[in-house]
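Visitor: sequence below, structure please.
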Amino acid sequence: MSIVKCMPVEPIVLKFNDGTILKCYINIKAIGLLIAEFGDFENVVKQAEEEPFTFYAKLLYAGIKVNKTSFTLEEAESIICSNCGNLIEELTDAYIRCCGDVGGEDFSKKYIAKIEEYLAEK
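Guide: The predicted structure follows:
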């Protein structure tokens, strides 16, 4: 018998001075949105090294857009530019929890390929 431990995804809650609250969920739905809107997942991830602010803006965008469809990449870029320190740490932790080295590198590559294949069919 296999036991699968399921844990809820904890949102990153962004509270603004005007009272606005946004919740960012880094989960498989957000990763799927990243792939659908920005292409090959491996290239998006490689961008983290070359253009970290752009990568994190895209990650924030996807994490919020899955529940707030009107959210834009421009809004995410603005938030990242003005709140980069702690927010980037939180996004990094959430990303690792979602897409960490579960099953090793080969598993991760196969999993990403399956997601891309699924999205190509849609």
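Visitor: might you list the low-confidence residue ranges for this protein?
Guide: 84, 100-122 (pLDDT under 70).
Visitor: where do the helices of this structure begin and end?
Guide: For the chain, helices defined by DSSP state H occupy the ranges 28-38, 41-50, 52-65, 73-82, 84-99, 104-121.
Visitor: hey, C-alpha coordinates of the second one in PDB?
Guide: Below are the C-alpha coordinates for helix 41-50, written out as PDB (Å, rounded to 0.1, in the frame of the first residue of the first chain):
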ATOM      1  CA  PHE A  41       9.300  25.500 -18.600                       C
ATOM      2  CA  GLU A  42      13.000  24.800 -18.600                       C
ATOM      3  CA  ASN A  43      13.700  28.100 -20.400                       C
ATOM      4  CA  VAL A  44      11.500  30.000 -18.000                       C
ATOM      5  CA  VAL A  45      13.400  28.500 -15.100                       C
ATOM      6  CA  LYS A  46      16.800  29.300 -16.700                       C
ATOM      7  CA  GLN A  47      15.600  32.900 -16.900                       C
ATOM      8  CA  ALA A  48      15.800  33.000 -13.100                       C
ATOM      9  CA  GLU A  49      19.600  33.100 -13.300                       C
ATOM     10  CA  GLU A  50      19.800  35.600 -16.200                       C
END
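Visitor: got the angle for that helix vs helix 84-99?
Guide: Put simply, helix 41-50 runs at 150 degrees to helix 84-99, going by axes from the mean of the first three to the mean of the last three CA atoms, to 10 degrees.
Visitor: buried ones in helix 41-50, by neighbour count?
Guide: 41, 44, 47-48 (16 or more other CB atoms under 10 Å). The C-beta positions use only the backbone N, C-alpha and C, and glycine is treated the same way.
Visitor: ok, the first one next?
Guide: Along helix 28-38, these residues count as buried under the neighbour rule (16+ other CB under 10 Å): 29-35, 38.
Visitor: the fifth one now?
Guide: For helix 84-99, a neighbour-count test (16+ other CB under 10 Å) marks 87-88, 90-91, 94-95, 98-99 as buried.
Visitor: ok and it relative to helix 52-65, angle-wise?
Guide: 60 degrees.
Visitor: quick revisit: out of the helices of the chain, nearest to Glu10?
Guide: Among the helices of the chain, the nearest to Glu10 by CB to CB is helix 84-99 (7.9 Å).
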